[in-house]
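1. quick one: sequence plus predicted model below, questions after.
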Amino acid sequence: MFTATRLNRRSYRTQSLAKAVFFLMTVALVIPVLIIVGTLVVKGGPAISWEFLFTAPRDNMTAGGILPALVGTIWLVVVALLASVPVGVAAALYLSEYAPDNLLTRTINLAIINLAGVPSIVHALFGVGAFVYFFNMQQSILAAGLTLAIMTLPVVIVATRESLQAVPHAFREACWNMGATRWQTIRKVVLPNSISGILTGVILEVSRTAGETAPIMFTGAAAFLAFLPESVFDQTMAMSYHLYYTATQATDVPEQLTFGVALVLIAIVLAMNATSIGFRVYLRGLKKW
Amino acid sequence: MDSGRHDDFAIETRGLNLWYGDFQALYDVDLAVKRGIIASMIGPSGCGKTTLLRTCNRIIERLGYVRTTGSVNILGHNIFGDDVELVQVRKQIGMVFQRPNPLPISIRENVLFGFRLHEARLRKVTAAEEDEVLESALQQVLLWDTVKDRLDKPATGLSLEEQQKLCIARLLPVKPEVLLMDEPCSALDPAGTEAVEELIWRLRGDYTILIVTHNMAQARRASEECVFMLLGKIIEHGRTEELFLSPKHSKTADYIEGRYG
């Protein structure tokens, strides 16, 4: 009575097949990551030393370390963060908490989605036109950082809006019904409950800019500078551009050195991601609902 | 309904029509609720009772595609008037929802939330005064003895019944005159329902309470006047016992006897 029919068996076969395909796809996703990280560690690992991290390149980039590039990347990420976070968070607050559902809002949302899809080289050219020439910033950390900021703005907005939307609507309703204004509601209830998600999401998104090459290439990155940048108006070396340069432009660069640069770059990005994910997990544990 | 002066009524709507887009949800609603009583609204799902309730503090407008004609006077003042400040409307007309919605902060902060929003910004409020406000609000909702030892614990850790009482308590420090309740017991178990009903009954006289319910027994137990609505219209409005014992309208009779619902 309760034995499997032919139809049952066929359903099971289909479902095992589906499961197997999905599993293989998941594995296929992990393999490249393992290969990339593995290759970098094996080939670039031996290059890593205190000297590598804390000295400038020598002999036409064929020897020495990466200090100016490392410092430059930190400058760029900080400038990009400082520029994109206030603007992005404010815009997300407007879109999530104030904006009425009308044509204008929908247009803005569409624009944000499209902005996220603009290729980075186009952002780079925009940066050259707008910051380097129009605002006369020359090639500088400021111009490059702002270009990165523009590029990350859409994802900052999206990440922030998601965190804001994750705050249950009932909380807002409770506030409004006690006569709180929108801003009082945001400040007392919405932000305290979403700030952790906003911060971590934003760090996660902006850390990706550390790896971008195209947007900084024409706006502020230099192939070689023997000194560290002293202000945002200086040009700078950057990890991503340094990697591009040592891998394709400079001659006679030992393979180990190039892989070492790549390894440090990926380590910076992964470390930032891990920190922000860890931070998020920790803060989520503190949530009270 | 006996007639009275305008401001004898806490809630008075005149020819209130309301549309959600093209759909008309309320038709020429004339409702008058005397000060200090508990009035319940009953009727089948979709009859407009919640819509009417939510019109009374204008929370309905948030949907954006809502259009109204007619007037709603609360305590003798038209809340659709030009000089009306929504914050004041919401402050003086408290609302309790189906699902208790305490804020994810401590019990103390929940109760003092509205008070700090409205009072503490006008003048210096001492900690002693806050404690007094806190205790009095929680005493009124019969919650003080249960929570006095854990006032700084998160409000979301309370039981649903306690949460709903807390949601009522946090309205009281800003001294509202009207309380709107949208099926306040529907998320609670029978014991919780009884406790919250008892509380609502205790608040009678101090506040005018308009309560929407699906539960006819509750309307009968816990209200002095009862409004029966059907398809966006008020069919009958009278003293609760009269409405249930000798309904004037055949549709009311059919509904309270359970012939449709």
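-> Alright, I've got the coordinates. No experiment lies behind these values; they were computed from the predicted model shown.

2. pLDDT weak spots in the stretch 151-261 of chain B?
-> When residues are selected by pLDDT under 70, those of the stretch 151-261 of chain B lie in B:261.

3. could you redo the last one with a cut-off of 80?
-> With pLDDT under 80 as the threshold, the stretch 151-261 of chain B has low-confidence stretches at B:258-261.

4. how about the helices in the stretch 51-200 of chain B?
-> B:86-92, B:107-118, B:127-140, B:144-147, B:160-169, B:190-203 (DSSP state H, counting those that start in this stretch).

5. give me the angle between the last one and helix B:160-169.
-> Same thing as helix B:190-203. Relative orientation of helix B:190-203 versus helix B:160-169 (axes from the mean of the first three to the mean of the last three Cα atoms, to 10 degrees): 20 degrees.

6. what does helix B:190-203 rub up against?
-> Outside helix B:190-203, the residues that touch it by Cβ atoms under 8 Å, 6 or more residues apart in numbering or on different chains are B:38, B:140-142, B:159-161, B:164-165, B:168, B:179, B:181, B:184-185, B:188, B:209, B:211, B:218, B:221-222. In this view, the C-beta of every residue, glycine as well, is placed from N, C-alpha and C.

7. what comes up buried for that helix?
-> Neighbour-count burial for helix B:190-203 flags B:192-197, B:199-200, B:203 (criterion: 16 or more other Cβ atoms under 10 Å in any protein chain shown).

8. give me the angle between that helix and helix B:127-140.
-> Using the same axes, to 10 degrees: helix B:190-203 against helix B:127-140 is 110 degrees.

9. could you export helix B:190-203 as CSV, CA atoms only?
-> Listed next in CSV are the C-alpha coordinates belonging to helix B:190-203 (Å, rounded to 0.1, in the frame of the first residue of the first chain):
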residue,chain,number,x,y,z
PRO,B,190,-7.9,34.0,26.0
ALA,B,191,-6.3,34.9,29.3
GLY,B,192,-4.4,37.8,27.7
THR,B,193,-7.6,38.9,26.0
GLU,B,194,-9.4,39.0,29.3
ALA,B,195,-6.6,40.9,31.0
VAL,B,196,-6.4,43.5,28.3
GLU,B,197,-10.2,43.8,28.1
GLU,B,198,-10.3,44.4,31.8
LEU,B,199,-7.7,47.1,31.4
ILE,B,200,-9.6,48.8,28.6
TRP,B,201,-12.7,48.8,30.8
ARG,B,202,-10.7,50.4,33.6
LEU,B,203,-9.7,53.2,31.4
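
10. flag every residue of the stretch 51-200 of chain A that's near chain B.
-> A:100-101, A:170-171, A:173-181, A:184, A:188-189, A:193 (Cβ under 8 Å from any Cβ of the partner chain).

11. which among those end up buried?
-> Here, 16+ other Cβ under 10 Å leaves A:170-171, A:173-180, A:184, A:188-189, A:193 buried among those.

12. what would these look like in JSON lines with pLDDT and secondary structure?
-> Shown next, in JSON lines, are these (pLDDT from 0 to 100; DSSP: H, G, I helix; E, B strand; the rest coil):
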{"residue": "A:170", "pLDDT": "86", "secondary structure": "helix"}
{"residue": "A:171", "pLDDT": "88", "secondary structure": "helix"}
{"residue": "A:173", "pLDDT": "85", "secondary structure": "helix"}
{"residue": "A:174", "pLDDT": "86", "secondary structure": "helix"}
{"residue": "A:175", "pLDDT": "87", "secondary structure": "helix"}
{"residue": "A:176", "pLDDT": "85", "secondary structure": "helix"}
{"residue": "A:177", "pLDDT": "83", "secondary structure": "coil"}
{"residue": "A:178", "pLDDT": "84", "secondary structure": "coil"}
{"residue": "A:179", "pLDDT": "82", "secondary structure": "coil"}
{"residue": "A:180", "pLDDT": "85", "secondary structure": "coil"}
{"residue": "A:184", "pLDDT": "89", "secondary structure": "helix"}
{"residue": "A:188", "pLDDT": "86", "secondary structure": "helix"}
{"residue": "A:189", "pLDDT": "87", "secondary structure": "helix"}
{"residue": "A:193", "pLDDT": "85", "secondary structure": "helix"}
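
13. so how do I select the buried members of the contacts of helix B:190-203 in ChimeraX?
-> The following ChimeraX line selects those of those that are buried, judged by 16+ other Cβ under 10 Å:
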select /B:38,140,141,142,161,164,165,168,179,181,184,185,188,209,211,218,221,222
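
14. out of the contacts of helix B:190-203, which are inside strands?
-> If you go by DSSP state E, the contacts of helix B:190-203 have B:38, B:179, B:181, B:209, B:211 in strands.

15. picking that back up, of the buried ones among the residues of the stretch 51-200 of chain A next to chain B, which is the nearest to residue A:200?
-> residue A:193 (13.8 Å; Cβ to Cβ).

16. strands along the stretch 51-200 of chain A, start to end?
-> A:57-58, A:63-64 (DSSP state E, counting those that start in this stretch).

17. highest mean neighbour count out of the ones you listed?
-> strand A:57-58 (a mean of 18; mean count of other Cβ atoms under 10 Å in any protein chain shown).

18. show me what it is packed against.
-> strand A:63-64 (3 or more Cβ pairs under 8 Å, 6 or more residues apart in numbering or on different chains; DSSP states H and E).

19. which helices and strands does the strand it packs on pack with?
-> strand A:57-58.

20. which residues touch the strand it packs on?
-> A:63-66, A:68, A:224, A:242.

21. equivalent analysis for stretch A:39-46, please.
-> Residues contacting stretch A:39-46 (Cβ under 8 Å, 6+ apart): A:255-256, A:258-264, A:266.

22. number of residues surrounding the closest residue to residue A:227 other than its chain neighbours?
-> Spatial nearest neighbour of residue A:227, excluding adjacent residues (Cβ to Cβ, 6 or more residues apart in numbering or on different chains): residue A:68 at 7.2 Å. Residue A:68: 23 surrounding residues under other Cβ atoms under 10 Å in any protein chain shown.

23. and residue B:35, by the same measure?
-> When neighbours are counted by other Cβ under 10 Å, residue B:35 registers 17.

24. quick revisit: any idea which of the contacts of strand A:57-58 is closest to residue A:116?
-> residue A:242 (26.8 Å).

25. wait, what's in contact with that closest one?
-> A:57, A:66, A:69, A:223, A:261.

26. how does it look with 10 Å?
-> Counting by Cβ atoms under 10 Å, 6 or more residues apart in numbering or on different chains, residue A:242 touches A:57, A:61, A:66, A:68-70, A:72-73, A:213, A:221-224, A:250, A:258, A:261-262, A:264-265.

27. below-threshold pLDDT in chain A: ranges please.
-> Residues of chain A that meet the cut-off, pLDDT under 80, sit at A:58-63, A:205-208, A:222-223, A:225-227, A:250-251, A:280, A:283-289.
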